[in-house]
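>>> Just to be clear, the model below is a prediction. Sequence and coordinates:
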Amino acid sequence: MVRSGARHDHDTGPAPEALRLVKVTKSYGTGDSAVTALDGVTLGLARGTFTAVMGPSGSGKSTLLQCAAGLDRPDSGIVQVDGTELTGGSEAELTKFRRGRIGFVFQQYNLLETLTVAQNTVLPLKLAGKRVDRRRAREILTAVGLGDRLGHRPDQLSGGHRQRVAIARALVTEPRVIFADEPTGALDTRSAREVLTLLRQAVRVHGRTVVMVTHDPVAASYADSVLFLADGRLAGRLPAPTAEAVAERLAHLGDDVMTGV
Amino acid sequence: MFVLAMRSIRQRPGRFLATLLSAFLGAAIIMTFHSMHDTAGQPGVDSVSAGTLGTAAGVVGGYGTLLVFFAVASTLTVNVRQRAAELELLRCSGATPAQLKRMVVGEAAVVALVGAGLAILPAMLGGRLLLEVFQDSGQVARSVEHSFGTIALTSGIGITLLAAAGAAFLALRRAARGHQRRGRARVFLPYAALVAGALAVCSTFAFSATDSALMAPPAYGSILLSVGCALMAPRLLRGVLDRLTPGGASGWLAVRNLRQRSGQLAGILMSLILFTAVSTATLTMQAVESEAVEASGLVKSVDAKNLETLNFTVVGIIVVFVCVMLVNSLYAATTYRGREFGQQRLAGATPGQVLGVVGAEGLVLTVTGVLFGTLAALAGIVPFTVVRGDKVLPGQMAGVWAAVASIGAAATLGTGLATARRVLRTPAVRAVASTA
């Protein structure tokens, strides 16, 4: 009884979907040089899932991530994070919306060079004016394997370690969704594997929802499912992906779109 | 390479604006004052007039040369650093270091020539005005006519060109050498300046109240002390920062940024310290002196008047140049930080919070700079007033200090915040991505 009740709560909670996009459109430029980056994308991602977004260069992956993460405003359509609609206003309003809802991991880490590992990790809390729980921050940093490097600066760390700091920073605010933009793009294969394992742990252990944009079929194989994007439209979904299946699907992505039309 | 130099100037005129402005101001000042040499050299000018004109031209012309050099060097260093990526690209495309040197020096020379050319007309007018000032105060005979001749023209163009080319050469070499440990001279120099300054200030007491040279030791003492402080700027800044524990995310970030970047910010702090010390000390002492002369009922001698004019001109020139340097280096330093601001925004900082960080940094810099500048100025002013009048702190200082401090604060905070606002217009994601 208790168990099913708990599950019931979970399933019909206010927002079963951590992220929902409805007919999101975004184009850049004007007139003849206008490029449609997103062409009516509709998708929903359940809570506690790890999704990879793949597609060739220029397919709109990055735009999708930026619109979904409240970094950019779509031209039309609806973006909902954890059931709350993102209503585009000023940058300050978008920033306040992102705080506590969204965490980021970027290819270029984007850690502040002037701050130590520990200071970088608690920065989002400081900026949001929240109480800084140093013990919790240290726990998270220890969990990503950096417990002995709290006082180091980013330039004293390897790429893999910097990306772990970025993951710790994304986890510390307990966001609904973590967006990762090519998180392994600048890493060697071993560091990449470790980072991907950490992202998967963020889903399994911490119950976060992770959306990862990537080029790499191996990276995508760590996700629960892969969404394919071509010419600004969704071009299929692959559950329980393997690297080979992803690569195969990517190779024929152009064909799919052609036959689809 | 020269063609490339011309092209890069034509494509990006904005980048050379600061250099052009420094060259223009420098050339205008040098020509204005050196035209006094031309004027004095005319037949039929009496010896007193010629003496006044010669001193003015010599002193201010010399100062001007130095300042042009420093101002152009500072703007060009910034310029070369900003274009590190472009220069690297040229190097990869097969440009030899000598070719790059020719390009950068060529650009600087062209900009300096344009600046000097633009300065000719204002300098002719300025020279005429300056002569009138001298004539009105009776330092130069009415019959003397202003002349703008070969000395003004050749020295103005020549000095500006040489200073710009030399500064470009140095800027390029400094950029190529990259980060380097400070030599022994750099460690020793600030102490030498402080000791010399202290000695100069103390020697004030050896003069009597009516000595005409009384103002020299405390004035030079102040300047030397401020140079010493300016050279120690990074250490002073760290000392101030250790005593600061501000609340709020912006203040917290600002203090950490400043502590890490204390080395790079030294230039800005240096300008502020020098600016505050030189202008406060000189203007206050001049005001005290003028009042003392007036109170004694004596008429000022030509020498005293010369000194007054020179004091005001020199301070004016220093103020203008230091402001140009301050604004330029702060503008460049803030423009650079687009990526850092983007990272702060992606970590959850609102644009307002980023501006708060920049404002807090500017405030700390201003307070530190004005504080040490004021200390250096006081070290000169107090002995002077003690000997000249019998007071310790002159009443004139408050007004002068308030004006100087507010100009410094306005320049520092205004430039930092206005630039940051502009930088923040780039969306955060793009600001972070544009890593050259």
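Perfect, I can see it now.
>>> And for the residue in the stretch 151-261 of chain A positioned nearest to chain B, nearest residue in space, chain neighbours not counted?
Relative to chain B, the nearest point of the stretch 151-261 of chain A is A:Arg169 (7.1 Å; C-beta to the nearest C-beta). Bear in mind the C-beta positions are built from the backbone N, C-alpha and C, glycine included. Take A:Arg169 and drop its neighbours on the chain: the residue closest to it by C-beta to C-beta, 6 or more residues apart in numbering or on different chains is A:Thr121, 4.9 Å away.
>>> what's the neighbour count on the one you found?
29 (other C-beta atoms under 10 Å in any protein chain shown).
>>> In chain A, which helix is the longest?
In chain A, with assignment by DSSP state H, the single longest helix is helix A:189-204.
>>> Mind telling me what element A:Gly103 is part of?
Per DSSP states H and E, A:Gly103 falls inside strand A:102-106.
>>> immediately after that strand, which helix or strand?
Next in sequence after strand A:102-106, counting helices and strands by DSSP H and E, comes helix A:117-127.
>>> what's the average pLDDT for that next one?
Averaging pLDDT along helix A:117-127 yields 92.
>>> contacting residues around stretch A:208-215?
A:18-19, A:45-54, A:61-62, A:64-65, A:68, A:103, A:171, A:175-185, A:199-200, A:202-203, A:219-220, A:223 (C-beta atoms under 8 Å, 6 or more residues apart in numbering or on different chains).
>>> try it again with 7 Å
Outside stretch A:208-215, the residues within contact range by C-beta atoms under 7 Å, 6 or more residues apart in numbering or on different chains are A:18-19, A:45, A:47-54, A:61-62, A:65, A:68, A:175-183, A:199, A:202-203, A:220, A:223.
>>> Same check on stretch B:201-218?
Contacts of stretch B:201-218 (C-beta under 7 Å, 6+ apart): B:200, B:221, B:285, B:289, B:303-304, B:379-381, B:383-384, B:387-388.
>>> pull the CA atoms of that stretch into CSV?
The C-alpha coordinates for stretch B:201-218 follow below in CSV (Å, rounded to 0.1, in the frame of the first residue of the first chain):
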residue,chain,number,x,y,z
VAL,B,201,60.1,66.1,2.2
CYS,B,202,62.3,66.3,5.3
SER,B,203,64.6,68.8,3.6
THR,B,204,61.7,71.2,3.4
PHE,B,205,62.5,72.1,7.0
ALA,B,206,65.9,73.4,6.0
PHE,B,207,64.4,76.2,4.0
SER,B,208,63.0,79.5,5.4
ALA,B,209,59.4,80.6,4.8
THR,B,210,60.3,83.1,2.1
ASP,B,211,62.7,81.0,0.0
SER,B,212,61.6,81.0,-3.5
ALA,B,213,62.5,77.4,-3.9
LEU,B,214,60.6,76.3,-0.8
MET,B,215,57.9,74.6,-2.9
ALA,B,216,60.3,72.3,-4.8
PRO,B,217,61.4,69.8,-2.1
PRO,B,218,57.9,68.9,-0.8
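>>> Check which residues of that stretch are buried.
B:201, B:204, B:207, B:214-215, B:217-218 (16 or more other C-beta atoms under 10 Å in any protein chain shown).
>>> Which of those fall within helices?
Per DSSP H, the subset of those in helices is B:201, B:217-218.
>>> quick one on the thing from earlier: next up, the contacts around the residue nearest to A:Arg169.
With contact taken as C-beta under 7 Å, 6+ apart, A:Thr121 is in contact with A:137, A:140-141, A:165, A:168-169, A:172.
>>> For the stretch 151-261 of chain A, give me the ranges with low pLDDT.
A:254-261 (pLDDT under 70).
>>> same deal with the stretch 151-300 of chain B?
B:175-186, B:212.
>>> For the longest helix belonging to chain B, name the packing helices and strands.
Criterion DSSP H: the longest helix present in chain B is helix B:97-136. With contacts taken as 3 or more C-beta pairs under 7 Å, 6 or more residues apart in numbering or on different chains; DSSP states H and E, helix B:97-136 sits against helix B:2-11, helix B:17-40, helix B:47-82, helix B:84-92, helix B:150-177.
>>> mind redoing it with 10 Å?
On a contact count with 3 or more C-beta pairs under 10 Å, 6 or more residues apart in numbering or on different chains; DSSP states H and E, helix B:97-136 meets helix B:2-11, helix B:17-40, helix B:47-82, helix B:84-92, helix B:150-177, helix B:302-336.
>>> Work out the gap between the helix or strand hosting A:Glu248 and the centre of the chain.
Using DSSP H and E, A:Glu248 sits within helix A:243-251. Distance of helix A:243-251 from its chain centroid, counting by C-alpha atoms, centre = their mean, to the nearest Å, is 21 Å.
>>> could you say what helices and strands that helix packs with?
Contact analysis of helix A:243-251 by 3+ C-beta pairs under 10 Å, 6+ apart lists strand A:50-54, helix A:217-220, strand A:225-230, strand A:233-239 as its packing neighbours.
>>> Buried deepest among the ones you listed, which one?
Across those, averaging neighbours per residue (mean count of other C-beta atoms under 10 Å in any protein chain shown) puts strand A:50-54 on top, at a mean of 26.
>>> relative to strand A:233-239, how tilted is that strand?
140 degrees (axes from the mean of the first three to the mean of the last three C-alpha atoms, to 10 degrees).
>>> Strand A:50-54 close to chain B?
No - taking C-beta under 10 Å from any C-beta of the partner chain as the criterion, strand A:50-54 and chain B are apart, separated by no less than 15.9 Å.
>>> CA atoms of that strand as PDB?
Coordinates of each C-alpha in strand A:50-54 appear next as PDB, following Å, rounded to 0.1, in the frame of the first residue of the first chain:
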ATOM      1  CA  PHE A  50      19.400  10.700 -19.100                       C
ATOM      2  CA  THR A  51      18.800  11.800 -22.600                       C
ATOM      3  CA  ALA A  52      21.400  12.500 -25.300                       C
ATOM      4  CA  VAL A  53      20.600  14.800 -28.200                       C
ATOM      5  CA  MET A  54      22.500  14.000 -31.400                       C
END
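>>> what angle separates the helix or strand just after it from strand A:102-106?
Note on strand A:50-54: by DSSP H and E, the next helix or strand toward the C-terminus is helix A:61-68. If you take the same axes, to 10 degrees, helix A:61-68 sits at 160 degrees to strand A:102-106.
>>> helices and strands around helix A:61-68, which ones?
Looks like helix A:61-68 contacts strand A:17-28, strand A:35-46, strand A:50-54, strand A:76-81, strand A:177-181, strand A:209-213, strand A:225-230, helix B:428-433 (3+ C-beta pairs under 10 Å, 6+ apart).
>>> buried set for the second one?
Neighbour-count burial for strand A:35-46, counted by 16+ other C-beta under 10 Å, picks out A:36-38, A:41, A:43, A:45.
>>> between it and helix A:61-68, how big is the angle?
Going by the same axes, to 10 degrees, strand A:35-46 makes 60 degrees with helix A:61-68.
>>> Appreciated, that's everything.
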